[in-house]
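>>> coords please:
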Amino acid sequence: MSRIGKKPVALPKGVTATVQDGTVSVKGPKGELKVVLVPEVEASLEDGGINVKPRADDQRSRAMWGLSRTLVNNLVTGVTTGFSQQLEINGVGYRAAVQGKNLQLQLGFSHEVLYPIPQGITIVAEKPTLLTVSGSDRQMVGQVASEIRAYRPPEPYKGKGVKYAEERIRRKEGKKK
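You can find the predicted model right below:
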C-alpha cells in the first residue's frame, strides 16, 4: 500500500479541478496545468480534494499510485505558489543577465551563450552571479535549471561553473610538485 497515494490532494480556495478520461486539470491564480495519468490508476474528485486509486492490485498499479498522486499534488502547488530553483555562477568573469526573452551567459567561452527563456518560465538575475528560475510547472523549472547548468557544470578543482544553490561540490586536491 502506498502511504503517499492514500492521502487525498486538498484543493485550497481559488483552485478548481476537473477529472475526465484519465486527465486531471487544475486551474488557479498562477495559471492552468494538466497531467495525463497512466491507465493503471484512476482519479476522482471527492469532498474538496482529489483521490487517486489503483485500478488493480498488481505491482505496476501500486508503483504508479504514489507517483500519480505526487504529480497531481505538484499541479495544485504549482498553480497556487509555484516552484523556483536558484543557480549560482562561480568563476572569474562568469556572469549572467536577462535581456528580453533571452538569458545571456558569460561562462569563460570565447562567445556569449544565449539561452531562450521558454514560455511559462521567469528567470531573474538577482546578482550577476545568482539566478532564480521560477514557474508553475515543476518539471519545466527543473529542466530549464538543468539545461543552464549543463553549459558549464561545476568542476572539482577550482569549483568554477554553474551549480544549484543547495548543491555541494566535492573539491579535489590539485597536482603536487
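>>> Domain-wise, how is the protein divided?
Domains of the chain are assigned by automatic domain parsing as 3-80, 83-164.
>>> Flag whichever of those has the least confidence on average.
For these, mean pLDDT drops lowest on domain 3-80, to a mean of 89.
>>> How far does that one stretch from one end to the other?
End-to-end distance for domain 3-80, by CA to CA, to the nearest Å: 24 Å.
>>> Kindly report the same for stretch 27-35.
12 Å.
>>> and the domains of the chain as TSV, adding mean neighbour count?
C-beta: built from backbone N, CA, C; applies to glycine. What follows is the domains of the chain, written out as TSV (neighbours: other CB atoms under 10 Å):
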stretch	mean neighbour count
domain 3-80	16
domain 83-164	16
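>>> So Val52 belongs to a strand, correct?
Yes: per DSSP: H, G, I helix; E, B strand; the rest coil, Val52 lies within a strand segment.
>>> quick one: Gly48 and Leu11 touch, right?
Yes: using CB atoms under 8 Å, Gly48 is in contact with Leu11, at 5.7 Å.
>>> where exactly do the strands run in this structure?
In the chain, the segments counted as strands under DSSP state E are 9-10, 16-20, 23-28, 31-36, 41-46, 49-54, 83-90, 95-99, 102-106, 113-116, 121-127, 130-135, 161-164.
>>> Could you name the helices and strands sitting against the fourth one?
Put plainly, it is strand 31-36. Where contact means 3 or more CB pairs under 8 Å, 6 or more residues apart in numbering; DSSP states H and E, strand 31-36 is packed against strand 23-28, helix 59-80.
>>> Can you list the strands that that strand pairs with?
Paired with strand 31-36 in the same sheet, following DSSP bridges, are strand 23-28 (antiparallel).
>>> Contacts for the partner strand next, please.
By CB atoms under 8 Å, 6 or more residues apart in numbering, the surrounding residues in contact with strand 23-28 are 11, 14-19, 32-37, 43, 50, 72, 75-76, 78-80.
>>> thinking in terms of the whole chain, how far from its middle is it?
Offset of strand 23-28 from its chain centre (CA atoms, centre = their mean, to the nearest Å): 17 Å.
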